[in-house]
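*Asks:* show me how the following folds:
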Amino acid sequence: MKKIMTAAFLFVGIHMAFAQNDPYIESVKKYLTINGTQQQYEGAIDGMFEMLKKRFKDYTISEAIWTELESEKQKHVEEVKSILVSAYKAYFTLNDIKNMTAFYESDAVKQMLADKTKLTDTQRQQIVNFYNSDTGLKMIDSREGLAKIEGEISQQWSGELYKSVINKLAAKGYSLN
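*Replies:* Next up, the predicted model:
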């Protein structure tokens, strides 16, 4: 597990500077935005701050400090998306990522996510066709392995984020010790 995480962070460190010019990185990050992954991480950060506010409720921490700490949310989400690129690179080509993005941008998937019961027969067939395609089959086949790697990355990332916020609060004079 440490090797995977080290490789992921090394990948990010080397490639962060080139992210704007690397079509693969930008494509995966776009895919992670439209498939709901970004929203999950944003929710996780919001949840972490809610929990921290409860834990520090006896410390009259001003709303300005919380706002300052929370203002880096997008930076942290972009960071984890960059790290997740390495997980996707192990399973998918750039063409696969483009296919997956087009699939998630389709009306069929939008309807499926909104209310499966209202899918038309045509939309159902589009979804079936995608999952029977080479890219769709890769998604199905990689689901377990990708979920494991994503879980490890998420755990490491969230732990580091939590420690960072706790350290920033401590530097401002707020410590639970």
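*Asks:* CA only for contacts and neighbour counts going forward, please
*Replies:* Noted.
*Asks:* list the buried residues for the helix or strand that contains G136?
*Replies:* Assigned by DSSP states H and E, G136 belongs to helix 134-171. For helix 134-171, the buried set under the neighbour-count rule, 16 or more other C-alpha atoms under 10 Å, comprises 135-136, 139, 142, 146, 149-150, 152-154, 157-158, 165-166, 169.
*Asks:* got it, and stretch 99-114?
*Replies:* 99-101, 103-104, 108-112.
*Asks:* quick one on the thing from earlier: now the helix holding G136: mean pLDDT?
*Replies:* Taken as a whole, helix 134-171 carries a mean pLDDT of 96.
*Asks:* can you offset everything so residue one is 21?
*Replies:* Fine by me, first position is 21 from now on; the one you just mentioned is helix 154-191.
*Asks:* before we move on, back to that, return the closest of the buried residues of helix 154-191 with respect to K136.
*Replies:* G156 (18.7 Å; C-alpha to C-alpha).
*Asks:* returning to that earlier point: list the helices and strands the helix holding G156 packs on?
*Replies:* helix 22-35, helix 93-109, helix 114-125, helix 141-152 (3 or more C-alpha pairs under 8 Å, 6 or more residues apart in numbering; DSSP states H and E).
*Asks:* can we see that at 10 Å?
*Replies:* When contacts are defined as 3 or more C-alpha pairs under 10 Å, 6 or more residues apart in numbering; DSSP states H and E, helix 154-191 sits against helix 22-35, helix 57-75, helix 83-90, helix 93-109, helix 114-125, helix 141-152.
*Asks:* what's the angle between that helix and helix 83-90?
*Replies:* Relative orientation of helix 154-191 versus helix 83-90 (axes from the mean of the first three to the mean of the last three C-alpha atoms, to 10 degrees): 140 degrees.
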